[in-house]
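>>> What follows is a predicted structure for the sequence shown.
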Amino acid sequence: MLYPVYVHKDENTAYGLTFPDFDGCFSAADEMQDIPQMVQEAVELYFEGEDMALPQPSSPEQWLGDDRFEGGYWLLVNIDTSKINTKSIRINISMSESLVNRIDAVAKKQHLSRSAFLAKSAELALSDEY
């Protein structure tokens, strides 16, 4: 989904990135070609562990006249929203009773619910894949 990103740069500085649709979210990129990657990373971190609705993208025209966005320029950057959707969904899975018991025991030691433990374990396993 294309979101507006405000880019500002002074001499001898990185490209500063501000996201008007994500209040308080910002980033920087040393090189212009790094902007899309830094945008994606910043937005993923912004939503990490949060239960916020993903806003619809605004347009740069909506921000004209806003003092925070003067002296730079706008880019529309494609953000992979599938990586930042924070809405939890219920799933139904089957596993052996002994495995469920082991999961519950470890989750309890970590002060986690079964769901939180499984989500954390899946995140760890998938982080090696990407």
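Yep, it's here. Numbers count the residues shown, from 1 in each chain.
>>> Assumed Gly16 was part of a strand.
Yes: the assignment for Gly16 is a strand, going by DSSP: H, G, I helix; E, B strand; the rest coil.
>>> doesn't Ala28 make contact with it?
Yes: Gly16 is within contact range of Ala28, at 5.5 Å (criterion: C-beta atoms under 8 Å). Bear in mind the C-beta positions are built from the backbone N, C-alpha and C, glycine included.
>>> what's the distance between Leu76 and Gly24?
Counting by C-beta to C-beta, to the nearest Å, the separation of Leu76 from Gly24 is 21 Å.
>>> what do you get for Arg90?
Remark: distance between Arg90 and Gly24 (C-beta to C-beta) = 30 Å.
>>> now the strands for this protein?
If DSSP state E is used as the criterion, the strands of the chain fall at 2-8, 15-18, 26-29, 73-78.
>>> Same list, those, but as TSV with mean neighbour count and distance to Glu44 please.
As requested, these are exported to TSV (neighbours: other C-beta atoms under 10 Å; distance: least, C-beta to C-beta, whole Å):
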stretch	mean neighbour count	distance to Glu44
strand 2-8	20	13
strand 15-18	19	14
strand 26-29	18	11
strand 73-78	15	13
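>>> Let me know which of those is the nearest to Ser96.
strand 73-78 (42.2 Å; C-beta to C-beta).
>>> need the strands of the chain in TSV with mean pLDDT, can you?
Compiled in TSV, these are given as follows (pLDDT from 0 to 100):
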stretch	mean pLDDT
strand 2-8	96
strand 15-18	95
strand 26-29	95
strand 73-78	95
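>>> who wins for proximity to Ala116 among those strands?
Nearest of the strands of the chain (C-beta to C-beta): strand 26-29, 28.0 Å.
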